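**Student:** What follows is a predicted protein model with its sequence.
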Amino acid sequence: MMPAAEVHKVNGNDLFKRGDFHGAVVEYTKAIAKDASSPVYFNNRALCRIKLEDYDNALDDADRAVQLCKNNEGLLMKADFYRAQSLLGLGRPKEALRAAEEGYEIAIRTVSPSARNMCDFILRAKKAIWERDQRRRLAEKSNFFQDMQNLIYQDFDAKVRQLRNHSDNGELDPDGISALSDQIDSLRFERDDRFRNLQTVFAHLDDEKDRQVPGHMIDPITFEIFYDPVITKNGCSFERSSLLEFLKRNPVDPMTREPLSVADLRPNLALKEACSEFISENGWAADS
């Protein structure tokens, strides 16, 4: 006879397949009430809560699953991935990146087909970090622009006050009001010219770089930027997860068609570092 907890898990799985994530959460919760020692129930409930965008509770479940499945790398990999998704949903991309990288290492070690999804998520997390930093940079630049603009207007006001004081003290040329008006107009022209120059400088700072990923940073199988490139004995570089999937179907070099095995692969550390640096400065590349 199937244990009661397993009955609730099966019911939850069925509801999940039908898209009833709320109902599935209820069933997995009942399973946990019967047996709180199984990481599977916490992992399953975490995934449902991610689907429901209930990231706080999903993270709690994933953390609990991590604690329970130290000796099961497959379940630990899932828990790490769910932790990563929850953390990204909570706006904590750096923590999400670390969790995803931990899961990715397990996926590679166990030759899991989930490695490709993990790799894609890592690029998403890196993009999220870049976007957050970019928003901060833009805010700082906007504040700086406002400060510079205020200084220009303050300088103009100070010079106009000085002119008026000179006029009141009879220190201007004999032309009187006409001379004062002309000099204020001259200052106003100078102010507006400085402001236009300031706008031009900041407009150039907004110019986007040429949004093109260098060809040597693109995986020839997925046509995406590298995250974890490996190099073959023939000197060709590929994304590790995509090449491992390819070799499962056909043990040859995708470029040369010569025999190739996992043992022939070596990490391309220089290329990995170059791609990581490129993404940190150009987060949009994660979507390329």
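**Tutor:** Yep, that arrived. Note that the structure is a prediction, hence the values are computed from the model and not measured.
**Student:** okay, CA-based contacts and neighbour counts for the rest of this
**Tutor:** Noted.
**Student:** give me phi/psi at residue 231?
**Tutor:** phi -120, psi 140 (degrees, to the nearest 10).
**Student:** actually residue 61, not the one I wrote
**Tutor:** Note on residue 61: its backbone torsions stand at phi -70, psi -40 [degrees, to the nearest 10].
**Student:** Also residue 52?
**Tutor:** Per degrees, to the nearest 10, the backbone of residue 52 is at phi -90, psi 0.
**Student:** Also residue 219?
**Tutor:** Dihedral angles for residue 219 - degrees, to the nearest 10 - are phi -70, psi 120.
**Student:** please renumber so the chain begins at 604
**Tutor:** All set: I'll call the first residue 604, so the last point we hit is now residue 822.
**Student:** for it, what are its contacts?
**Tutor:** With contacts defined as CA atoms under 8 Å, 6 or more residues apart in numbering, residue 822 is in contact with 828, 829, 840, 841, 842.
**Student:** Using the three-state scheme, assign the closest residue to residue 885 other than its chain neighbours.
**Tutor:** Nearest residue to residue 885 in three dimensions, chain neighbours excluded: residue 733, at 7.3 Å (CA to CA, 6 or more residues apart in numbering). Assigned by DSSP: H, G, I helix; E, B strand; the rest coil, the conformation of residue 733 is helix.
**Student:** circling back: of all the contacts of residue 822, which two lie farthest apart?
**Tutor:** 828 and 840 (11.6 Å; CA to CA).
**Student:** How much space separates the residue nearest to residue 885 from residue 658?
**Tutor:** According to CA to CA, to the nearest Å, residue 733 and residue 658 sit 21 Å apart.
**Student:** What of residue 699?
**Tutor:** In terms of CA to CA, residue 699 sits 12 Å off from residue 658.
**Student:** Neighbour count: these two, which is higher?
**Tutor:** A count of neighbours by other CA atoms under 10 Å puts residue 699 above the other of residue 699 and residue 658, at 29 against 23.
**Student:** Show me where the stretch 654-803 of the chain dips below the pLDDT cut-off.
**Tutor:** 773-781 (pLDDT under 70).
**Student:** now the helices for it?
**Tutor:** 658-671, 676-692, 696-712, 718-771, 780-809 (DSSP state H, counting those that start in this stretch).
**Student:** How far off centre is the second one?
**Tutor:** Right, the one you point to is helix 676-692. 16 Å (CA atoms, centre = their mean, to the nearest Å).
**Student:** which secondary structure elements does that helix contact?
**Tutor:** helix 642-654, helix 658-671, helix 696-712 (3 or more CA pairs under 8 Å, 6 or more residues apart in numbering; DSSP states H and E).
**Student:** Among the ones you listed, which comes closest to residue 627?
**Tutor:** Using CA to CA, the helices and strands packed on helix 676-692 put helix 642-654 closest to residue 627, at 7.1 Å.
**Student:** burial of the residue nearest to residue 766 when sequence neighbours are not counted, as a residue count?
**Tutor:** Among residues not flanking residue 766 along the chain, residue 783 sits closest, at 7.2 Å (CA to CA, 6+ apart). Look at residue 783: counted by other CA under 10 Å, it has 18 neighbours.
**Student:** what do you get for residue 672?
**Tutor:** Residue 672, neighbours per other CA under 10 Å, totals 18.
**Student:** got it, and residue 659?
**Tutor:** When neighbours are defined as other CA under 10 Å, residue 659 has 15 of them.
**Student:** residues contacting it?
**Tutor:** Counted by CA under 8 Å, 6+ apart, residue 659 has contacts 689, 693.
**Student:** switch the cut-off to 10 Å
**Tutor:** By CA atoms under 10 Å, 6 or more residues apart in numbering, the contact list for residue 659 reads 649, 652, 653, 689, 690, 692, 693.
**Student:** Next: residue 748.
**Tutor:** Each residue near residue 748 by CA under 10 Å, 6+ apart is listed here: 742, 754, 801, 802, 804, 805.
**Student:** ok, it to residue 761 distance?
**Tutor:** Distance of residue 748 to residue 761, given as CA to CA: 20 Å.
**Student:** what's the most buried one of the helices and strands packed on helix 676-692?
**Tutor:** Highest mean neighbour count of the helices and strands packed on helix 676-692: helix 642-654, a mean of 25 (counted as mean count of other CA atoms under 10 Å).
**Student:** That one vs helix 676-692, what angle?
**Tutor:** 30 degrees (axes from the mean of the first three to the mean of the last three CA atoms, to 10 degrees).
**Student:** between helix 642-654 and helix 658-671, how many degrees?
**Tutor:** 160 degrees.
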